[in-house]
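In: how would this look folded up:
(chains A and B)
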Amino acid sequence: AGLTQPPSVSQGLKETATLTCAGDINNVANQGAAWLQQFPGHPPKLLSYRNTSRPSGISERFSASRSGSTASLTITGLQPEDEADYYCSAWDTGLNAWVFGGGTRLTVL
Amino acid sequence: QVQLLQSGAEVEKPGASVKVSCKASGYNFMAHYMHWIRQAPGHGLEWMGWINPITGGTNLAQGFQGRVTMTRDTATSTVYMELKRLTSDDSAVYFCARGEDLWGQGTLLSVSS
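Out: Residues are numbered from 1 along each chain as shown, chains lettered A, B, ... in the order given. Predicted structure coming up:
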């Protein structure tokens, strides 16, 4: 099975949004999670990897964490340009497969 | 410039096959597995498998075994993904990716009679 994300999250401008991703011992808990941001018509873009690491060039407003088999992405100071689809991903050792969450559509009100 | 450049959009009929290419540049092609992921319209990301550029060995997701072939050309740093016996359910954008950090621009496949 893949990872579980809420289909949608809405939050106000300049507020903080927290997106969650539920996995299990075969993926998020033992392999770590990554977060990807995707705009329509574009490929996904890496926001964080190995649970908490942020690639160069990614805003500090994006921070990721993990607790057990649940990964989280927190976006502070929400801006209109943050409206996008967000996917979590992890390698699953049980399935021997790269698994993704179903994605969360973030709306900035 | 580190990038993955994929071949252009394809339109195929049901039952046909399609071969999509992905050319890597700007990094050591042999040092990273290459993955293929697809995304149906309005849907999420679905991993299809990876190819080891050194050995050519592949690991395919269960749902694609027997229908997908992944190959590589080390001389041109290009990987290929061939999908056979197409159905309308295969209509999607196909991405190659060097792990989470580097993605191709995507190739749109439309399957229609």
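In: now the strands for the chain?
Out: This is for chain A. In chain A, the segments counted as strands under DSSP state E are A:8-11, A:17-22, A:34-38, A:45-48, A:62-67, A:70-75, A:84-92, A:97-100, A:104-108.
In: actually chain B
Out: Under DSSP E, chain B gives strands at B:3-6, B:10-12, B:18-25, B:34-39, B:45-51, B:58-60, B:68-73, B:78-83, B:92-97, B:107-111.
In: as a markdown table, the ones you listed with distance to residue A:90 and mean neighbour count would be great.
Out: No exception for glycine: its C-beta is placed from N, CA and C like everyone else's. Listed next are the strands of chain B as a markdown table, based on distance: least, Cβ to Cβ, whole Å; neighbours: other Cβ atoms under 10 Å in any protein chain shown:
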| stretch | distance to residue A:90 | mean neighbour count |
| --- | --- | --- |
| strand B:3-6 | 21 | 18 |
| strand B:10-12 | 30 | 15 |
| strand B:18-25 | 23 | 19 |
| strand B:34-39 | 13 | 24 |
| strand B:45-51 | 11 | 23 |
| strand B:58-60 | 16 | 18 |
| strand B:68-73 | 22 | 18 |
| strand B:78-83 | 22 | 22 |
| strand B:92-97 | 14 | 24 |
| strand B:107-111 | 25 | 18 |
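In: would you reformat these as CSV and include distance to residue A:35 and mean pLDDT?
Out: Output for these, formatted as CSV (distance: least, Cβ to Cβ, whole Å; pLDDT from 0 to 100):
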stretch, distance to residue A:35, mean pLDDT
strand B:3-6, 20, 98
strand B:10-12, 30, 98
strand B:18-25, 23, 98
strand B:34-39, 15, 98
strand B:45-51, 12, 97
strand B:58-60, 24, 97
strand B:68-73, 26, 98
strand B:78-83, 25, 98
strand B:92-97, 15, 98
strand B:107-111, 24, 98
